[in-house]
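>>> Predicted model follows, preceded by the sequence.
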Amino acid sequence: MTDSRTFDEHSLLLKLTFGLMETYCEHGWAPFAFDSFLTQSLGYIAWTRYDHSFSDIIYHQLDRQDSARQQPCVACPYSPHFTMGYSLSWMAVRGKPAQAILNELSFCMTDKREEIPESDLTAVEMPNGWYIIVSNHDPQVVSDVAMRRLASSGCEIVTCFVEEHVMVSSATGWKDGLLRWSVTHDAQEGLLHLEIEGEPPPEFAAIRDRMFAEQATGDQDCDYIFDVPVETARSITGYRYDEDIPGLSGEVFEVLAPLPDERPFLRRLFEGWFRTPRNPPHR
């Protein structure tokens, strides 16, 4: 099929593309999110090679946030109609009061609250006792060093990361200062890709089998395996990033802020060079 778009339309597409890139850079999402940006941009350019009007792309871009909140977490990255969605990480901590957790992680509460966790850093206390901290546009809420330290002080930690633009998801479990297990899906490695380390929780096997069954019988353009880490983390904590929290309503998320780093400059500069490597998850 020939491309019937005019030169002006392609010029506008390029402006939109570079505008997206500028937004990523201004918000500090690069370089991690740059791969996601390239994937989106290439998807839009490929889309224009088919029988979609250019206005479809504009409306798709403007509506992506609302669509992401309304759609379930099963997306279709191989379809020109896939939804641009969430890019975030969250961690759940149990075993200490919320204020003690924040002190340990060098976070502080603010006087702002949100119904949906849209700020860079937010937190919510779950009815079941887990304390959830959500970080937008970051692959981790805090470093492995900080999680190891927190897990060594009597806390249990579950983390989850989702990057829906490229359909990557992961979940981990920490206890007694060690990374006990991790489950990772990366659609760029294949639709059935699933990497497992350590010993996942007992709920994992049933979740994995259910999602692989849906992948075999459902829409082959959709990525059901993406939900394996997400549902594994939810099975332990009760939290899922794209659904309401049972038993809570209103502005339940409190906006957090990092505490000022008062360490000497040279210590902050060189501290990361001497960190010990991550412990194997099965030890």
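Alright, I've got the coordinates. Residues are numbered from 1 along each chain as shown.
>>> Would you check how far apart residue 168 and residue 194 are?
When distance is defined by C-beta to C-beta, to the nearest Å, residue 168 is 12 Å away from residue 194. Where C-beta positions appear, they are placed from N, C-alpha and C, glycine not excepted.
>>> for residue 202, that is, sorry about that
Separation of residue 202 from residue 194 (C-beta to C-beta): 17 Å.
>>> and if you look at residue 120?
Counting by C-beta to C-beta, the gap from residue 120 to residue 194 is 30 Å.
>>> and if you look at residue 110?
Distance check for residue 110 against residue 194: by C-beta to C-beta, it reads 38 Å.
>>> Among the two, which residue is more densely surrounded?
Neighbours per residue, other C-beta atoms under 10 Å: of residue 110 and residue 194, the larger number sits with residue 194, 17 against 13.
>>> just the strands in the chain please.
Taking DSSP state E as the test, the strands found in the chain are 87-94, 107-114, 121-125, 131-136, 156-163, 168-175, 178-186, 195-198, 253-258.
>>> Give me the contact list for the shortest one.
I take that to be strand 195-198. The contact list for strand 195-198, computed with C-beta atoms under 8 Å, 6 or more residues apart in numbering, reads 173, 179-186, 281-282.
>>> Could you do the second one as well?
Strand 107-114 is contacted from outside by 102, 119, 121-123, 133, 251-259, using C-beta under 8 Å, 6+ apart.
>>> do the same with the last one
Residues from elsewhere that reach strand 253-258, judged by C-beta under 8 Å, 6+ apart: 102, 106-110, 112-117, 119, 121-124, 133-134.
>>> could I get it in CSV with only the CA atoms?
Only the C-alpha atoms of strand 253-258 are listed here, as CSV (Å, rounded to 0.1, in the frame of the first residue of the first chain):
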residue,chain,number,x,y,z
PHE,A,253,-1.7,8.1,48.4
GLU,A,254,0.5,10.5,50.3
VAL,A,255,3.2,12.4,48.3
LEU,A,256,6.7,11.8,49.5
ALA,A,257,9.9,13.7,49.1
PRO,A,258,13.5,12.6,49.5
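>>> which of the contacts of strand 253-258 are buried?
When these are checked for burial by 16 or more other C-beta atoms under 10 Å, the buried set is 102, 107, 114, 117, 119, 121-124, 133-134.
>>> Show the pLDDT at residue 3.
The model reports residue 3 with a pLDDT of 45.
>>> just to revisit the earlier point, quickly list what's touching both of residue 168 and residue 194.
In contact with both residue 168 and residue 194: 184-185, using C-beta under 8 Å, 6+ apart.
>>> Output the below-cut-off pLDDT ranges for the chain.
Applying pLDDT under 70 to the chain picks out residues 1-84, 261-283.
>>> domains in it, as residue ranges please.
The chain breaks down into these domains under automatic domain parsing: 7-70, 87-258.
>>> Just name the most buried of the ones you listed.
Highest mean neighbour count of these: domain 87-258, a mean of 18 (counted as mean count of other C-beta atoms under 10 Å).
>>> ends of that domain, how far apart?
One end of domain 87-258 sits 20 Å from the other (C-alpha to C-alpha, to the nearest Å).
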